[in-house]
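Participant: Pasting the sequence and the predicted model now:
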Amino acid sequence: MSDKFDVIVIGAGPGGYVAAIKAAQQGLKTACVESWTSKDGKSQVLGGTCLNVGCIPSKALLEVTHKFEEASHDYESMGILAKDVEINVAKMQERKLGIVKQLTGGIAGLFKANGVTSIHGHGKLLANHKVEVTDKDGNTKTYEGDNVIIATGSKPIEIPPAPFDGEHIVDSEGALEFEEVPKRLGVIGAGVIGLELGSVWARLGSEVTVIEAQDKFLPVVDQQIAKDAKKQFEKQGLNIVLGARMTGAEVKKNQVNVTYEDANGKQEAQFDKLIVAVGRRPFTDGAIAEDSGVKMDERGFIFVDDTCKTEAPGVWAIGDVVRGPMLAHKASEEGVMVAERIAGHKPQVNYDCIPNVIYTSPEVAWVGKTEEELKAEGEEYNVGTFPFAANGRAMAANATAGMIKIIADAKTDRILGFHAVGPQASEIVAQGVIAMEFGSSAEDLALTCFAHPTLSESVHEAALAVSGGAIHIA
Ligand code: FAD
């Protein structure tokens, strides 16, 4: 194998593997270095956090448990008699692993088909865009790249009051692997990951308490949407404690004794398992030599400009390891942008149009600005909302919780924010993303013909409501 490449990517998550494929498609000689090794120590694992221990396995569990919950609680009202529905956790986990294996194996096939050289080992960026790779037996080899893309991702944050023990106190990865349903489950952090994983196990019968330090629920979400979502989650049995600061977690006699302080003073709680989901930190351990020229901020994020260029010429960084939301699709978009820029094109990522989703039930999804942000910026805007309770398809589907909310500039009517809480919000938000990417006004959506009966008609009605003209609500 030649040691010289046009592009060397370090990390094969959704940022790195997409960048590598796109670079190879541009005719660039490309290698992708990935250190992840299978549990049996034999083979390389591609796909990063997202495919192995993030987006995909969590959605596999969320889909199954959503169906289980529907079958247990909702079917009877629809005339389906499915008595004594049971969950087989081992089978659910086996199915999850099967999906992960299929997708990660698919990347190896894509690398082959596109001519990407896959290198198994730990990559370290040296000066002058050289990359040193140490394989699992400790052998090192140095490769030269005209360009290097760092895509080494992120890792869960561990907090001193609740150190992971891998059995009772776990991170998101551990929470995806429970072999049985914990009777009492504590979740530290009411963010996306905490709510999704809490939901998985709550649907299977866990008594779930979510302990969150902030006073506001989902502060980054439009607060009208967040309040609606919280009401639904509490109805499902999630006990959400806000303004609570964790002070300790101790494992004794097979249970986790948690102490925290909230507005009412010192509190105690006992759990069988505790998931710590307080966020993720950029991961660059051992990946960047001091003389490489790459700089990081005090939290460990690699400094990049809008085009993901680092301060070292020819070195780029993308995905969770740089500023911006820690999302797979954001990482991939940056990967495509960088690969095309290396090939001489000038694409950009539109950071104002990156959708966010919380895959709970109901789902929460949004793109663009919240009302709170616009108020703080002193912008004048109009709002249109439409509840799923007034949507025929939502009624037919027995999923009437939630609403669509569209916020448009008061002068130009241009859509500034698109928010959804409700059934298939993760799919519906794409309509807002496309509308905003094309610079649409709320009237453009209002003048568009939507199929009937669909959940998307709520988008139409919310757009009509921006100028006060929704049809199906008094
Ligand atoms: P990663 O996916 O973390 O990949 C980095 C890769 O680099 C890893 O494979 C790692 O082994 C490798 N690596 C690191 N250092 C080196 C080195 N020195 N040499 C060689 N290889 C190295 N995002 C969404 O958009 N939607 C979701 O639904 C979603 N759900 C999630 C659920 C959970 C439970 C978690 C934990 C995350 C979820 N995310 C989701 C976030 C998403 O997984 C990340 O944003 C995404 O994986 C980031 O991609 P990346 O390529 O930057 O990094």
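Facilitator: Done, it's in. Numbering: from 1, shown residues only.

Participant: Identify the single longest helix in the protein, thanks.
Facilitator: Using DSSP state H, we find that the single longest helix of the chain is helix 89-114.

Participant: Which positions in that helix come out as buried?
Facilitator: For helix 89-114, a neighbour-count test (16 or more other CB atoms under 10 Å) marks 92, 93, 96, 100, 103, 104, 107, 108, 111 as buried. All C-beta atoms are positioned from the backbone trio N, CA, C, and that covers glycine.

Participant: From those residues, pick the one nearest residue 361.
Facilitator: If you rank the buried residues of helix 89-114 by distance to residue 361 using CB to CB, residue 92 comes first, at 16.5 Å.

Participant: How about the residues of this protein by the ligand?
Facilitator: If contacts are counted using CB under 6 Å from any ligand atom, the residues of the chain sitting beside the ligand are 10-16, 33-36, 48-50, 54-55, 58, 122-123, 151-154, 172, 193, 283, 287, 319-320, 326-329, 331, 359.

Participant: Show me these that map onto helices.
Facilitator: Secondary structure assignment (DSSP H) places 16, 48, 49, 50, 55, 58, 172, 193, 328, 329, 331 from these within helices.

Participant: So which of the residues you listed is the closest to the ligand?
Facilitator: Distance to the ligand, by CB to the nearest ligand atom, is smallest for residue 48 among those, at 2.6 Å.

Participant: Wait, residue 333 touches residue 351, no?
Facilitator: No - using CB atoms under 8 Å, residue 333 is not in contact with residue 351, being 9.2 Å away.

Participant: Which one's more surrounded, the two?
Facilitator: A direct count of neighbours by other CB atoms under 10 Å for residue 333 and residue 351 places residue 333 higher, at 23 against 13.

Participant: before we move on, which element is that one in?
Facilitator: Here residue 333 sits within helix 328-342, counting by DSSP states H and E.

Participant: And the pLDDT at the residue nearest to the spatial centre of the chain?
Facilitator: Most central in the chain under CA atoms, centre = their mean is residue 327, positioned 4.7 Å from the mean C-alpha point. We note a pLDDT of 98 for residue 327 in this prediction.

Participant: again with residue 401
Facilitator: Model confidence at residue 401, expressed as pLDDT, equals 97.

Participant: low pLDDT regions in the chain?
Facilitator: Within the chain, the set of residues satisfying pLDDT under 70 comprises 1-2.

Participant: Domain ranges for it, per the record?
Facilitator: Residue ranges for the structural domains of the chain, counted by the TED database, are given in the record as 2-154+279-341, 167-277, 354-465.

Participant: closest to residue 474 out of the ones you listed?
Facilitator: For the domains of the chain, distance to residue 474 was read as CB to CB. The smallest value, 9.2 Å, belongs to domain 354-465.

Participant: any idea how far the closest one is from the chain center?
Facilitator: Counting by CA atoms, centre = their mean, to the nearest Å, domain 354-465 is centred 20 Å from the centre of its parent chain.

Participant: Kindly report the same for stretch 126-140.
Facilitator: The chain centroid and the centroid of stretch 126-140 are separated by 30 Å under CA atoms, centre = their mean.

Participant: quick one on the thing from earlier: compile the domains of the chain into CSV and extend it with columns for distance to residue 472.
Facilitator: Rendered in CSV, the data for those read as follows (distance: least, CB to CB, whole Å):
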stretch, distance to residue 472
domain 2-154+279-341, 23
domain 167-277, 19
domain 354-465, 5
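
Participant: for these, which one sits closest to residue 160?
Facilitator: Taking CB to CB as the measure, those were each checked against residue 160, and domain 167-277 came out nearest at 9.2 Å.

Participant: Now do the end-to-end distance for the closest one.
Facilitator: In domain 167-277, first residue to last residue: 15 Å (CA to CA, to the nearest Å).

Participant: Likewise for stretch 122-135?
Facilitator: Using CA to CA, one end of stretch 122-135 lies 6 Å from the other.

Participant: Then stretch 185-201?
Facilitator: Between the opening and closing residues of stretch 185-201 there is a gap of 8 Å (CA to CA).

Participant: got the buried residues for that stretch?
Facilitator: Across stretch 185-201, burial judged by 16+ other CB under 10 Å covers 185-201.

Participant: so how far is it off the chain centroid?
Facilitator: Shown here is stretch 185-201, whose average C-alpha point lies 13 Å from the average C-alpha point of the whole chain (CA atoms, centre = their mean).

Participant: likewise stretch 69-89?
Facilitator: Mean-position distance between stretch 69-89 and its chain equals 29 Å (CA atoms, centre = their mean).

Participant: Report the strands that pair with the biggest strand by length in the chain, each with its relative direction.
Facilitator: When the chain is scanned for its longest strand (criterion: DSSP state E), the result is strand 140-150. The strands beside strand 140-150 in its sheet (DSSP bridges) come out as strand 4-10 (parallel), strand 130-134 (antiparallel), strand 315-317 (parallel).

Participant: can you state the direction angle for it and helix 328-342?
Facilitator: For strand 140-150 against helix 328-342, the angle by axes from the mean of the first three to the mean of the last three CA atoms, to 10 degrees is 100 degrees.

Participant: If we go by neighbour counts, what in strand 140-150 is buried?
Facilitator: The neighbour-count check on strand 140-150 (16+ other CB under 10 Å) flags 143, 145, 147, 148, 149, 150 as buried.

Participant: nearest to the ligand, of these?
Facilitator: The nearest one, if we look at those relative to the ligand and count by CB to the nearest ligand atom, is residue 150, at 8.5 Å.

Participant: what's the nearest residue to the closest one if we skip its chain neighbours?
Facilitator: Nearest non-adjacent residue to residue 150, counting by CB to CB, 6 or more residues apart in numbering: residue 317, 4.2 Å away.

Participant: Just the C-alpha atoms of stretch 58-73, please, in CSV.
Facilitator: Extracted as CSV, the C-alpha positions of stretch 58-73 are listed here (Å, rounded to 0.1, in the frame of the first residue of the first chain):
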residue,chain,number,x,y,z
SER,A,58,-31.3,3.9,20.2
LYS,A,59,-33.8,4.2,17.4
ALA,A,60,-34.0,0.4,17.1
LEU,A,61,-35.0,0.3,20.8
LEU,A,62,-37.3,3.3,20.6
GLU,A,63,-39.2,1.8,17.6
VAL,A,64,-39.8,-1.5,19.4
THR,A,65,-40.8,-0.1,22.7
HIS,A,66,-43.1,2.4,21.0
LYS,A,67,-44.9,-0.5,19.3
PHE,A,68,-45.0,-2.4,22.6
GLU,A,69,-46.5,0.6,24.4
GLU,A,70,-49.1,1.0,21.7
ALA,A,71,-50.0,-2.7,21.8
SER,A,72,-50.2,-2.6,25.6
HIS,A,73,-52.2,0.6,26.1
